[in-house]
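# Next come a sequence and a model predicted from it.
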Amino acid sequence: MHVIPIVVGAFQVNCYLVTSDSGQALVIDPGEDAGQIAVALRERKLTVAAYLITHGHMDHVGGLEELTRLFPAPVSMHPADEAWAFSADNMMPPYYDAPERPAQKIRTLADGQPGDDGGLHYEVITTPGHSPGCVCYYFPAEKTLFTGDTLFSGSIGRTDFEGSDETLMEKSLRRLAQLPDETLVYPGHGPRTTIGREKKSNPFLRGM
């Protein structure tokens, strides 16, 4: 498995291309700049196996509709966020209009659900708090975790948005803290880290 980060949009979201030896890729959080992501896929001659969405905020799904037209593939997203992600409730002028819904039917997600796309095996961990339908994608064989806006290097996602919940966020972080310390963490914004590093230095995980 190889991870290619692409920073997109006004809020500097980390979109990830997660590739397998077969030349297929998972696209995680195509938040904007669909053309830039498309160039990266074409340059590497990658086929999109699936789009994995960590949560529904506009800066993480803004490029999804255009990209799925260019590279049709299944989309996975938690229903609690799908309910509002493609509506006027999910816009932030002047930075983002309401994201357009992709034509593909969206696959629903549940806690503990296994995923197998493009020869890549992962597990869904539901982590509500930043939004009701936040999820993380855990690749156990590679000890790699994509956290969206649940966990950052040195910080966590905001819990003062509509639909956020500070109590649920704490429970979600406690779940992530149970993963092996060497687990690589690829967050929705900022640099890569590890679970062990965050348990030592992140004030929101310290002592968990």
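Arrived safely. Keep in mind it's a predicted model, so treat the numbers as computed, not measured. Residues are numbered from 1 along each chain as shown.
# residue nearest the centroid of this protein?
The residue at the geometric middle of the chain, judged as the C-alpha nearest the mean C-alpha position with Cα atoms, centre = their mean, is Thr54 (3.2 Å).
# Assign Trp84 to helix, strand or coil.
For Trp84, the reduced secondary structure class is helix; criterion used: DSSP: H, G, I helix; E, B strand; the rest coil.
# Near the closest residue in space to it that isn't next to it in sequence, how many other residues are there?
Leaving out its chain neighbours, the residue that sits closest to Trp84 by Cβ to Cβ, 6 or more residues apart in numbering is Asn90, at 5.8 Å. Where you see a C-beta, it was placed from the backbone N, CA and C, and this is true even at glycine. Here the number of neighbours of Asn90 (other Cβ atoms under 10 Å) works out to 20.
# mind checking pLDDT for Asn90?
According to the per-residue confidence, Asn90 scores 96 in pLDDT.
# ok, now Asp160?
The pLDDT attached to Asp160 in the predicted structure is 96.
# With Arg206 instead?
88.
# ok, now Asp21?
89.
# tell me the contacts of it?
Applying Cβ atoms under 8 Å, 6 or more residues apart in numbering, we find Asp21 in contact with Gly119.
# Are we agreed that it is in a strand?
No: counting by three-state DSSP, Asp21 falls outside a strand, being coil.
# From Glu182, how far off is it?
23 Å (Cβ to Cβ, to the nearest Å).
# repeat for Glu123
As it turns out, when the distance is counted by Cβ to Cβ, Glu123 lies 17 Å from Glu182.
# which of these two has more neighbours?
Under the neighbour definition other Cβ under 10 Å, Glu123 and Glu182 were set side by side, and Glu123 has more, 15 against 10.
# surely that one meets Gln113?
Yes: with contact defined as Cβ atoms under 8 Å, Glu123 counts as touching Gln113 (7.2 Å).
# quick one: which helix or strand includes Asn14?
Element membership for Asn14, per DSSP states H and E: strand 13-19.
# For Gly133, give me the pLDDT.
Gly133 is assigned 98 on the pLDDT scale.
# tell me the contacts of it?
His55, Gly56, Met77, His78, Pro79, Ala80, Asp81, Glu82, Ala83, Leu109, Thr126.
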